[in-house]
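*Asks:* Got a predicted structure here, sequence first:
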Number of protein chains: 2
Amino acid sequence: MKKLLLLALIPICSNAQNLVRYVKPIIGTQKMGHTYPGATVPFGAVQLSPDTDTIPYEKNGKYNGEVYRYCAGYQYDDKTIVGFSHTHFSGTGHSDLGDFLVMPTVGQLQMNPGTASNPKTGFRSAFSHQNETAQAGYYKVKLDDDNILAELTASTRVGMHRYAFPESKESHIILDLMHGIYNYPDKNTWTYVRVVNDTLITGYRQTHGWARTRTVYFAMAFSKPFKSYGQKNFETKQAYRGFWRKFNQDDNFPEIAGKQIRMHFDFETGTNEKVMVKFALSPVSQTNALENMRAEIPHWDFDRVKSQAQAAWENELSKVTIDAPEDDKINFYTALYHTFLGPTVYQDVNGQYKGLDQEVHTASGFTNYTTFSLWDTYRALHPWFNIVQPKRNADMVQSMLAHYSQSTLKMLPIWSHYANDNWCMSGYHAVSVIADAIVKGVYKGDVRKALEASVATANKRNYEGIGFYTDKGYIPSEKSGISVSNTLEYAYDDWAIAQLAKKQGDEKTAAEFLKRSGHWKNQFNPETRFMQERLDNGSFKANADVMATHGQGFIEGNSWNYSFFVPHDPDALATAMGGKKKFRQRLDELFSMHLPDAFFAETEDITREGIIGGYVHGNEPAHHVPYLYNWTDTPWKTQAQVRKILKMQYQNAPDGLGGNDDCGQMSAWYLFSALGFYPVAPGSDSYSLGSPFVKSAQIKLENGKVFFVEAVNQSDRNVYVKKVLLDGKPVQNLQIKHADITAGSKLVFYMTNKP
Amino acid sequence: MKKLLLLALIPICSNAQNLVRYVKPIIGTQKMGHTYPGATVPFGAVQLSPDTDTIPYEKNGKYNGEVYRYCAGYQYDDKTIVGFSHTHFSGTGHSDLGDFLVMPTVGQLQMNPGTASNPKTGFRSAFSHQNETAQAGYYKVKLDDDNILAELTASTRVGMHRYAFPESKESHIILDLMHGIYNYPDKNTWTYVRVVNDTLITGYRQTHGWARTRTVYFAMAFSKPFKSYGQKNFETKQAYRGFWRKFNQDDNFPEIAGKQIRMHFDFETGTNEKVMVKFALSPVSQTNALENMRAEIPHWDFDRVKSQAQAAWENELSKVTIDAPEDDKINFYTALYHTFLGPTVYQDVNGQYKGLDQEVHTASGFTNYTTFSLWDTYRALHPWFNIVQPKRNADMVQSMLAHYSQSTLKMLPIWSHYANDNWCMSGYHAVSVIADAIVKGVYKGDVRKALEASVATANKRNYEGIGFYTDKGYIPSEKSGISVSNTLEYAYDDWAIAQLAKKQGDEKTAAEFLKRSGHWKNQFNPETRFMQERLDNGSFKANADVMATHGQGFIEGNSWNYSFFVPHDPDALATAMGGKKKFRQRLDELFSMHLPDAFFAETEDITREGIIGGYVHGNEPAHHVPYLYNWTDTPWKTQAQVRKILKMQYQNAPDGLGGNDDCGQMSAWYLFSALGFYPVAPGSDSYSLGSPFVKSAQIKLENGKVFFVEAVNQSDRNVYVKKVLLDGKPVQNLQIKHADITAGSKLVFYMTNKP
């Protein structure tokens, strides 16, 4: 099952490092990783990637579980490619996007995608991984049905395609405007296309799905004029046509509109003739999409765009250089790549973007970003950005504050993308991202507004039990199916707000939220010493099952894992559990218990490989837990567990990720841990030490300084840390501070094979 | 059936004339007139008017003929009002709009409109015409069910409502976002609303209907904060909700989206307490709608807005002052009012508008207009504008040229509204409007582009038989069901283009289109001397029925009427018919024949009252025909017929219009004819003389001059004209020129009771 991928040498100019060659976008595309193998640039708005099937969200009026596997549009085990669409999430557990699927074909025109088992019945094509290449910023595959070589690359807002056709009088490029990921019934609200001339079309696509009100505008240019074109409208009930019936809108008619549209563009091609497409996106207008295209790719030199994309990747990746075995470098740089896929740029070159209020805004003094999968990413991804992408993270904070300004509910984003909040998951973790960025001196904008927005969000009484939480100190189980998760997460978020308030000298607010941050205690059952559901009358709910992941008041987790969720005060948690020794014993039991098969049957988003004992690495609530041994008498166990997780959960293989990459969160966990430290409680300026696997590393900071990590006597067996020196002095409390990093210090671990 | 309306004296400031009191918007609201009685300002974007029923476009999957009566949303015979919506066409035969229906109610909340037979089952209300007032710029009615007095007025982009409620703790204002005129299944594409605070909401409504891709943005302000509010989503199949299910979106939830939405806003009111609403529209954005509101009505003084609306009307109406019997003044000023209802302003105060390409444009140096019902309005409405609204007409021409620039088909509008062409009717009459405006020196913009656009449109080979028309000289009947109408209309349109080309010194184009303007001869059967369908092989189709309005190659007409459609060359037509005497005999027969009842059964848009002999005044193709006697030896018959039509077809009564007002065309015919002259062939600078019914008239021109008309010895019996003097000299050829009008000449008719 686990295959080692050959290290393909990709020559890149005169850059001695050539880190791009270590990036394998194919990692995580098999099973649960939910990553996509296609072409994108760092934080780019376009993710041009192959979709290997079209799965409807419903089957016979019911939810179709198959759709989950296609969150990124691609599953490694599939044998056909339907086409290449321009927008994808990386590593989510629910989905959207998949806009504007493009597919080259030859021969008789087919306007349906066909099926996986019989690709020749439609425009999709069989393919083989042997003829497929996925690199950072570049993707290539041979489409076997029609013997077409497809290559993809991208700039920030434009996807570029290069198709080498065989000789034919019947070559086509299909544009499927119906296609999407998580295609709910009636998801396509409206589609509009103008054929401007024989090399340019513009238009937009409007959908109602995970993003409730979403429109994506586009401009599509062809390197060669099409000789003819057409559309097919697949609406089952023909909407009012009026006098549009005067026209044959199916053939060479330049003004198209409807709900379910596919188009085709027809060419004659010579042997190996290359036809290229530039496909630009905009959140605002067709005019802006065209402007984006002209600004970013004002030519038809595909190789130049590919070079620029890979140079952009090289530039980002080289912020962190490591000395480690080659295979580990593949895991490391692929993880680093995954952390730079999002949030994504969500504005045009002219600064305009679509706001939460569905109005056009202009980003002034910041770049607007979207896709904030905050329940996942507040934990390690945004803290990672505070070290290696501080400018971008500051802009992301600004983007969240803009969202808040545009929100009628007066809330920061919960889980937002493409000008919509979709309210997914629990907590209100935007406050953690904001607090962390301000406490660490990364965000220097309107910090007063940042505190106001955080407090307003945390005081949204009628949202998800916040009123009960603030009044009673916990959420009664009668009021919410995820009451415990929410109480615990609010408590941590409130602690982050307290840090933010303290930093601004607002002692009153700091005290208020510090008090709230202790509410986790109200969900802690002192008899069982587990976090449990609690009734409105104050009693803990009877017959709690601390292993079950459903029906116990938790989201994506169970009590065993969640009972450790007090990242802001592990000492107090340890006390509650009976002291450091008992705390340690609890951790031991977590990491060594044996789980029954039934556990996996009922739990989403993870594989058996994603679990160590009962510790579920594939689900985020446990991400800080391996580091909790640092608050016991056996910190060496943190080192052991961390090294174990690094080895097991991240493999250089298509199924090498132990769970959804979750918009980079899983990868960020990896990177921190590989370097030997982890932000257990973002909002704090501390990082908890673990056990690096690199021999050494250098992080080039945006302030010009370099932070060094070195692991003396590093090896696979030497997972334990004898001592740690920071600029020659022993580290205190198994922690370093953010200031240590930004000062460009040198952190040296002395490794050994004994605890 | 015909009731005389009492002349209500409306005191208006110190204006001695007080012409507004002669305007009776109720005229034409019964039967076929299809006018609306509500409030609007001259050429205003808002037409705030009561809708008396909600008729679905389909019933049991088939077209529901009832919907036709509700083109303007209102039918005089109805006994209930559903509510007041903000956009209406005046006098069309097909429809759209009816956006944003608002209705005040008291008591238990009802979110359905109820039925006409049982209004108390829903939010609609019974009413009586006795308690209804309709004036230019103002409408008032008592809603009987809940005893609420409703008043409406408007500015250009904002509708203002004033509701006097009884005492109640359960007063409501309903906002029906589902409602529309000609509500096709799935017409509502998407609706979005933000509740900004307790006195302001914004949002938009998107529909797919007669306008294929249409969005209207709004801002709605309340003079008093609502105490609560809510929505109800009427979608039969609940679209994907995702985590929106976390919220109770029905009550006091400020971010609403979906396809079929109604909202309610709740108040407590004291006895006779007035609650007001300002409702602004924009084609572009919510922000612009709000800006429009603040610019046009920055206060809550309803009476001031009403005064300003009526002052605006007084200002426009006073461009033409007449001396005539009071009842005739009512007809005249109501007709004048009807000609100033459209085309309507289609841009925001900041100049932005939505273009045909669905992009935002800024109108620079002109005001952008919409609703070009060109098949109707090129005949007399736009020529009327060239006299009394030259600045506006120049802007309308500019708006059409912008449409052309934004069109992928490279065509001028055929029948366009709200950033869409809906392609209704025949011909390409925009060229006539443009030619007429340029020949008369009204449009002074890019005349070269105007010619280019006209030629491009006339050369659109694959549109509606133009290719056949240009190649063969006529459209074969096998290719089109309205081949004869189109050939005749194209021939006239081409003559207009020739005038336009000649004016610019482009002799080559002028010659080309002059040649095409003779193609009407190819549809003229020399044997029967009627215009008839002709086969591809050149033979005229056998068994033509010159009375039938269907299946004979005509649209909205029959051969009897259409055979006179050579407005640009009546002399040649007369020759073809056998000479002036035969021509006159044909006209005689037209005006005196008796039509069988079957004729009415199969013909739309007209009533028996709308017909004289076989002459169908209710359908436009015949509008120039009464004046054709001027090309015979008996011009006095023109005078007789015109006076007869004026008397019969236009009455001071709700059913006083003999057919659809057709966006002001019927009214424009009336006005010209009342003043004694008519533009038989727009594109020519000539007006054919008729028989005025006024005693005298003054037209105040925009160039500062005044054009005078006088009818000496005027009376109902003195319909014949003994002689006509222009500035004291006898008129030649029964014509005056446009230059005579703009010079501020004096035209005097000497009337007599003998031919």
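*Replies:* Thanks, I have it.
*Asks:* Now do the buried residues in stretch A:721-732.
*Replies:* By 16 or more other C-beta atoms under 10 Å in any protein chain shown, the buried positions in stretch A:721-732 come out as A:721, A:724-726, A:731. The C-beta positions use only the backbone N, C-alpha and C, and glycine is treated the same way.
*Asks:* swap that for stretch A:120-129, please
*Replies:* Within stretch A:120-129, judged by 16+ other C-beta under 10 Å, the buried ones are A:122-127.
*Asks:* So for the residue nearest to A:S559 when sequence neighbours are not counted, what's the pLDDT?
*Replies:* Spatial nearest neighbour of A:S559, excluding adjacent residues (C-beta to C-beta, 6 or more residues apart in numbering or on different chains): A:V546 at 4.0 Å. Reported pLDDT at A:V546 in the predicted model: 94.
*Asks:* give me every residue that touches A:V546.
*Replies:* A:528, A:530, A:532, A:552, A:558-560, A:563 (C-beta atoms under 8 Å, 6 or more residues apart in numbering or on different chains).
*Asks:* Could you report the distance from it to A:H179?
*Replies:* 44 Å (C-beta to C-beta, to the nearest Å).
*Asks:* ok, the residue in the stretch 251-400 of chain A that chain B sits nearest to - how many residues close by?
*Replies:* Scanning the stretch 251-400 of chain A for the residue nearest chain B gives A:P254, at 3.8 Å (criterion: C-beta to the nearest C-beta). Per other C-beta atoms under 10 Å in any protein chain shown, the neighbour tally for A:P254 reads 17.
*Asks:* correct me, but it touches A:Y192?
*Replies:* No - in this structure A:P254 lies outside contact range of A:Y192 using C-beta atoms under 8 Å: 11.8 Å.
*Asks:* So A:K391 is in contact with A:G445, correct?
*Replies:* No - assessed by C-beta under 8 Å, A:K391 is found out of contact with A:G445, at 11.9 Å.
*Asks:* Who has more neighbours out of the two?
*Replies:* Each of A:K391 and A:G445 has its neighbours counted (other C-beta under 10 Å); A:G445 has more, 16 against 12.
*Asks:* Tell me which two of the buried residues of stretch A:721-732 sit farthest apart.
*Replies:* Within these, A:V721 and A:L726 form the most distant pair, 13.0 Å apart (C-beta to C-beta).
*Asks:* ok, the residue lying closest to A:L514 once chain neighbours are set aside to chain B distance?
*Replies:* Among residues not flanking A:L514 along the chain, A:A498 sits closest, at 4.3 Å (C-beta to C-beta, 6+ apart). Using C-beta to the nearest C-beta, to the nearest Å, we find A:A498 at a distance of 26 Å from chain B.
*Asks:* Surely A:V193 forms part of a strand?
*Replies:* Yes - A:V193: assigned to a strand according to DSSP: H, G, I helix; E, B strand; the rest coil.
*Asks:* all helices for the stretch 451-600 of chain A, in order.
*Replies:* A:466-472, A:483-503, A:507-516, A:559-562, A:570-576, A:580-592, A:597-601 (DSSP state H, counting those that start in this stretch).
*Asks:* likewise the stretch 201-350 of chain A?
*Replies:* With DSSP H, counting those that start in this stretch as the criterion, the stretch 201-350 of chain A has helices spanning A:286-296, A:302-317, A:326-339.
*Asks:* between the shortest one and helix A:302-317, how big is the angle?
*Replies:* Angle, helix A:286-296 to helix A:302-317, by axes from the mean of the first three to the mean of the last three C-alpha atoms, to 10 degrees: 80 degrees.
*Asks:* how close does the nearest residue to A:I612 once chain neighbours are set aside sit to B:Y492?
*Replies:* Spatial nearest neighbour of A:I612, chain neighbours left out: A:F591 (5.6 Å); criterion: C-beta to C-beta, 6+ apart. Using C-beta to C-beta, one gets 90 Å for the distance from A:F591 to B:Y492.
*Asks:* what about the residue of the stretch 451-600 of chain A found nearest chain B, how many neighbours?
*Replies:* Closest residue of the stretch 451-600 of chain A to chain B, C-beta to the nearest C-beta: A:E464 (6.1 Å). A count of nearby residues for A:E464, using other C-beta under 10 Å, gives 23.
*Asks:* quick one, what contacts it?
*Replies:* A:426, A:480, A:486, B:246.
*Asks:* okay, now the closest residue to A:D633 other than its chain neighbours: neighbour count?
*Replies:* In space, and not counting its chain neighbours, A:D633 is closest to A:K580: 5.6 Å by C-beta to C-beta, 6+ apart. Residues contacting A:K580 under the criterion other C-beta under 10 Å number 16.
*Asks:* ditto for A:K444
*Replies:* Burial of A:K444 is recorded as 11 neighbouring residues (other C-beta under 10 Å).
*Asks:* near chain B, which residues of the stretch 301-450 of chain A show up?
*Replies:* A:357-360, A:407-409, A:415, A:422-424 (C-beta under 8 Å from any C-beta of the partner chain).
*Asks:* now for these, which pair is the farthest apart?
*Replies:* A:V360 and A:C424 (25.7 Å).
*Asks:* For the two, indicate the residue with more neighbours.
*Replies:* Neighbours per residue (other C-beta under 10 Å) separate A:V360 from A:C424, with A:C424 holding more: 21 against 18.
*Asks:* re the thing from before, let me see the backbone angles for the residue of the stretch 251-400 of chain A closest to chain B.
*Replies:* phi -90, psi 0 (degrees, to the nearest 10).
*Asks:* tell me the contacts of it?
*Replies:* Contacts of A:P254 by C-beta under 8 Å, 6+ apart are A:194-196, B:408-409.
*Asks:* Quick check: A:Q108 touching A:H172?
*Replies:* No - applying C-beta under 8 Å, one finds A:Q108 not in contact with A:H172, separated by 9.4 Å.
*Asks:* So for these two, which residue has more residues nearby?
*Replies:* Using other C-beta under 10 Å as the criterion, A:Q108 and A:H172 rank with A:H172 on top: 27 against 7.
*Asks:* where does the more buried one land on pLDDT?
*Replies:* Per-residue pLDDT puts A:H172 at 98.
*Asks:* From chain B, how far out is it?
*Replies:* Distance from A:H172 to chain B, by C-beta to the nearest C-beta: 21 Å.
*Asks:* who's that residue bridged to?
*Replies:* A:T105, A:D266 (DSSP bridges).
*Asks:* quick one: it and A:E268 touch, right?
*Replies:* No - applying C-beta under 8 Å, one finds A:H172 not in contact with A:E268, separated by 10.8 Å.
*Asks:* Pull up the distance across stretch A:415-435, start to finish.
*Replies:* 17 Å (C-alpha to C-alpha, to the nearest Å).
*Asks:* Quick one: distance of it to the chain centre.
*Replies:* Centroid displacement of stretch A:415-435 relative to its chain, using C-alpha atoms, centre = their mean, to the nearest Å, is 13 Å.
*Asks:* Check the helices of the stretch 201-350 of chain A for me and report the most buried one.
*Replies:* Highest mean neighbour count of these: helix A:326-339, a mean of 23 (counted as mean count of other C-beta atoms under 10 Å in any protein chain shown).
*Asks:* show me the contacts for A:R379.
*Replies:* A:620, A:623-624, A:665, A:668-669, A:679, A:682.
*Asks:* and if we set it to 6 Å?
*Replies:* Contacts for A:R379 were tallied using C-beta atoms under 6 Å, 6 or more residues apart in numbering or on different chains; they are A:620, A:623.
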